[in-house]
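Quick one: sequence and predicted model below, then my questions.
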Amino acid sequence: MQTVNIHQAKTNLSRLLSRVDRGEEIVIANRGIPIAKLVPFRTSIDRRASLGHDQGQIIVPDDFDQPLPEEILAAFDGDGE
């Protein structure tokens, strides 16, 4: 990921956007401090193509949707200190 200063970004915006369109991410900095990042815009169609990439890597326990134990519920209410 390349970092450019504001002047470089203004002067070369078209070139930077072409690079971003090809998938690069570019950070824009002011006096060396990052203030913005140019990233490719993803449409909902692109996101659909990425569904299922983590399949099999996340395990949801069988008791996931069971009620919480009383001591945890009490902590949410501010009673369990």
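The structure has been received and is ready for your questions. What you see is a predicted model, and the numbers here were worked out from it, not measured in a lab.

contacts, neighbours, all on C-alpha from now
Fine.

what about Ile59, is that helix, strand or coil?
coil (DSSP: H, G, I helix; E, B strand; the rest coil).

Just the pLDDT for it.
At Ile59, the model reports a pLDDT of 90.

Can you report phi and psi for it?
Ile59 has phi and psi values of phi -110, psi 120 when expressed as degrees, to the nearest 10.

Which stretches in the chain count as strands?
Per DSSP state E, the chain carries strands over the ranges 2-5, 26-30, 33-38.

and the gap between Ala49 and Asp21?
18 Å (CA to CA, to the nearest Å).

Between those two, tell me which one has more neighbours.
Asp21 (14 against 9; other CA atoms under 10 Å).

isn't that one right next to Arg42, touching?
No: the pair formed by Asp21 and Arg42 falls short of the contact definition of CA atoms under 8 Å, at 10.1 Å.

picking that back up, most packed of the strands of the chain?
Ranked by mean neighbour count, the strands of the chain are led by strand 26-30 with a mean of 18 (mean count of other CA atoms under 10 Å).

Work out which residue lies at the spatial centre of the protein.
Val39 (10.8 Å; CA atoms, centre = their mean).

Identify the residues contacting it.
Val20, Gly23, Glu24, Glu25, Ile26 (CA atoms under 8 Å, 6 or more residues apart in numbering).

neighbour-wise, which of those residues leads?
Highest count within these by other CA under 10 Å belongs to Ile26, 20 neighbours.

unless I'm mixing things up, that residue is touching Val4, no?
Yes: applying CA under 8 Å, one finds Ile26 in contact with Val4, separated by 7.4 Å.

Tell me where this protein is predicted with low confidence.
43-47, 79-81 (pLDDT under 70).

where along it do the helices fall?
6-11, 13-21, 44-49, 70-77 (DSSP state H).

would you turn these into a markdown table with distance to Gln55?
Formatted as a markdown table, the helices of the chain follow (distance: least, CA to CA, whole Å):
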| stretch | distance to Gln55 |
| --- | --- |
| helix 6-11 | 39 |
| helix 13-21 | 28 |
| helix 44-49 | 13 |
| helix 70-77 | 30 |
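
which one of those lies closest to Pro34?
The closest of those to Pro34 is helix 6-11. By CA to CA, the value is 10.0 Å.
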